[in-house]
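Predicted model and sequence below, questions to follow.
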Amino acid sequence: RIGGRRIEITTFRGQGANHAARIHDDLARRDMTIGALAWKLEDDTLLDPFHGLDHWRSARIEPVGDARERIDEHPIRYLRYFRRAHSLGFHLAAPLRKLAFDPRWLQVTPREAIAAELRRILDDVASPGRCLVELHECGALQHFAPRARDDPQHGHRAARGRIPQDAALGRRAQGRPGEA
C-alpha cells in the first residue's frame, strides 16, 4: 500500500522477442482494461494499449479483447467482472452485460474460487444485494445458489424486482428521495 492505495506489482506473463513485445503480450492477457496498464519507472511513462485509463474515467469495466475468450480462459472472471464493477461503482460494458452465463464454466472452476469471489462480493461491495440481483437477472446466480431461482412448484419467487424497490424505500426513509 502506498498512501492508502493498493499497488500491484506482478511478474510478466507475456512472451515476445523483446521487452516491449513481452509487456504488450502480458497486458493483452489481463482480464480488464483498467488492469492492463504498465508504468515504466525508468522514464515515467504509462503504457495503456487497451485504453484502460479512458475506461476508468468513464467508470466502465471492459474486458481486454473478446469477453467470452477472456472468461473461457479463466471462468472465475465472470464473477470478478461483476464484483469489480460493483466494488468500484462502475458499470459493465455491453459485451459483458450481454454475455449469457455458461454453466460449463462451473465444471472447470474450483468451488473454492467461486466461494471466495462470492465472499468478496459480500465483503467488498457497498451494496452486495444489487450485485447479486444483477447476477440473478443474467441467470448466473441460480448456478451458485440454486435456491435463488424462481420456484413456482414450492410457492416462492426469487427477489427479482424487490431489492431495488426496498433500497429506494430505504433511501427515502433516510431523507434522500429520488436517488437511484
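Sure thing, it's come through.

Against A38, how distant is H136?
36 Å (C-beta to C-beta, to the nearest Å). For glycine as for every other residue, the C-beta is placed from the backbone atoms N, C-alpha and C.

out of the two, which sits in the more crowded spot?
Neighbour totals were compared for H136 and A38, and H136 leads with 20 against 16 (other C-beta atoms under 10 Å).

Please identify the helix or strand for the more buried one.
Using DSSP states H and E, H136 sits in helix 128-137.

any idea of the mean pLDDT in that helix?
Computed over helix 128-137, the mean pLDDT rounds to 92.

So which bits of it are buried?
P128, G129, C131, L132, V133, E134, L135, H136 (16 or more other C-beta atoms under 10 Å).

next one: stretch 84-95
For stretch 84-95, the buried set under the neighbour-count rule, 16+ other C-beta under 10 Å, comprises R84, A85, H86, S87, L88, F90, L92, A93.

Could you work out the most separated pair of these?
Across the buried residues of stretch 84-95, the longest distance by C-beta to C-beta is 16.1 Å; it joins S87 and A93.

How about R84, nearest residue that isn't a chain neighbour?
Leaving aside its chain neighbours, R84 sits nearest to I61 (5.7 Å; criterion: C-beta to C-beta, 6 or more residues apart in numbering).

ditto for A113
Nearest non-adjacent residue to A113, counting by C-beta to C-beta, 6+ apart: I76, 4.8 Å away.

That neighbour against T109, yeah?
Yes - under the criterion of C-beta atoms under 8 Å, I76 makes contact with T109 at 5.4 Å.

Where do the helices of the chain begin and end?
Assigned by DSSP state H, the helices in the chain fall at 19-28, 52-57, 67-73, 77-88, 94-97, 104-107, 111-124, 128-137, 141-144, 162-173.
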